[in-house]
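J.: fold the following, please.
(one chain, ligands or ions: 1)
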Amino acid sequence: MIKIENLNKYFGDKHVLKDINLEIEDGEVIGLIGPSGSGKSTLIRCINYLEEPTSGNIYINDKNIAKAGKEIDRIRQQIGMVFQHFHLFPHKTVLENITLAPVLTGKLTIKEAEEKAIELLKTMNLLDKKDVYPDSLSGGQKQRIAIARSLAMDPEVMLFDEVTSALDPEMVGEVLNVMKDLAKTGMTMVVVTHEMAFARQVAHRVVFMADGEIVEENKGIDLFENPQNPRTKEFLSKVLEYLLV
Ligand SMILES: Nc1ncnc2c1ncn2[C@@H]1O[C@H](COP(=O)(O)OP(=O)(O)OP(=O)(O)O)[C@@H](O)[C@H]1O
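T.: Here you go, the predicted model:
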């Protein structure tokens, strides 16, 4: 379980996250939506301590990540993260990209890591790419490899930061399908997304942020069909207008 308590984040004198409180149950899929600059990425980057909160607490399975001291690396290993721009290692093959972290951290032997990577590549339908370098892959394939690479660490939580935003439209579906399948396995997921259909259909709960605050949260279908806050209504009406153009 993830518990975020009175989280504030400043960049200089800019107050980017304002007293955020959020609890995420095991196996829950959260869709995090909101206008550009509302603080979505900063919030998920705080969850794995890529950004240090200015104040507040974040508990991962009752461990306060801010006070974890030497344990921080171990806690962070439980949290996988996938970014908009893949961040694959260009000079490593697909297989090496996936096996690197579990081997370097001593979690798996090389043999175990390769077996795991091959299993993951099979589920992603990318086994035939295991010996190629990332440059020869499409964006959708790169992003699926990036997801496989995170999963190789057996995370308890997966954070997705606009992972389809840099993809050509025809590749979005293949990545979202991998995420849908992952959600079905019971993985706890926090998904920052502009894909409203994904948030609505796959997320158990959708959280709408604006201006550094959580404005409203609800089951996807309820939030999209019956938003309560004027800011949510305005955002959704703009998104809908854009989709209908
Ligand atoms: N490292 C940083 N230094 C200074 N300001 C930052 C930094 N990272 C983010 N910000 C600012 O914090 C605010 C929130 O940014 P964030 O990326 O979290 O928003 P977002 O909702 O994820 O936006 P988008 O949908 O465009 O990615 C923005 O005003 C942004 O400019």
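
J.: interface residues of the chain facing the ligand?
T.: Counting by CB under 6 Å from any ligand atom, the residues of the chain close to the ligand are Phe11, Lys14, Val16, Gly34, Ser36, Gly37, Ser38, Gly39, Lys40, Ser41, Thr42. Just so you know, the C-beta spots here come from the backbone N, C-alpha and C atoms, and that holds for glycine as well.

J.: mind putting those in TSV, neighbour count, secondary structure and pLDDT included?
T.: Below are these laid out as TSV (neighbours: other CB atoms under 10 Å; DSSP: H, G, I helix; E, B strand; the rest coil; pLDDT from 0 to 100):
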residue	neighbour count	secondary structure	pLDDT
Phe11	11	strand	97
Lys14	8	strand	97
Val16	20	strand	98
Gly34	24	coil	96
Ser36	7	coil	94
Gly37	12	coil	95
Ser38	23	coil	97
Gly39	23	coil	98
Lys40	24	helix	97
Ser41	20	helix	97
Thr42	21	helix	98
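
J.: nearest to Ile118, of those?
T.: Of all these, Ile118 sits closest to Ser41, with 32.3 Å by CB to CB.

J.: so where is this structure shaky, pLDDT-wise?
T.: For the chain, the stretches flagged by pLDDT under 70 are 242-245.

J.: which residue is nearest the middle of it?
T.: Phe160 (1.6 Å; CA atoms, centre = their mean).

J.: skipping adjacent residues, who's closest to it in space?
T.: Spatially, and ignoring its direct neighbours in sequence, Phe160 is nearest to Val191 (4.5 Å; CB to CB, 6 or more residues apart in numbering).

J.: show me what the one you found is bridged to.
T.: Gly31, Phe160 (DSSP bridges).

J.: and it, how far from Lys107?
T.: For Val191, the distance to Lys107 (CB to CB, to the nearest Å) stands at 25 Å.

J.: same thing with Arg74?
T.: To Lys107, Arg74 is 10 Å away according to CB to CB.

J.: returning to what we had before: between Val191 and Lys107, who's got more neighbours?
T.: Ranked by neighbour count (other CB atoms under 10 Å), Val191 and Lys107 place Val191 first, with 28 against 15.

J.: and that one, what does it touch?
T.: By CB atoms under 8 Å, 6 or more residues apart in numbering, the contact set of Val191 is Val29, Ile30, Gly31, Leu32, Phe160, Met179, Phe198, Ala199, Val202, Ala203.

J.: pretty sure the fourth one is touching Glu195, no?
T.: No: look at Leu32 against Glu195 with CB atoms under 8 Å: they stay out of range, at 11.6 Å.
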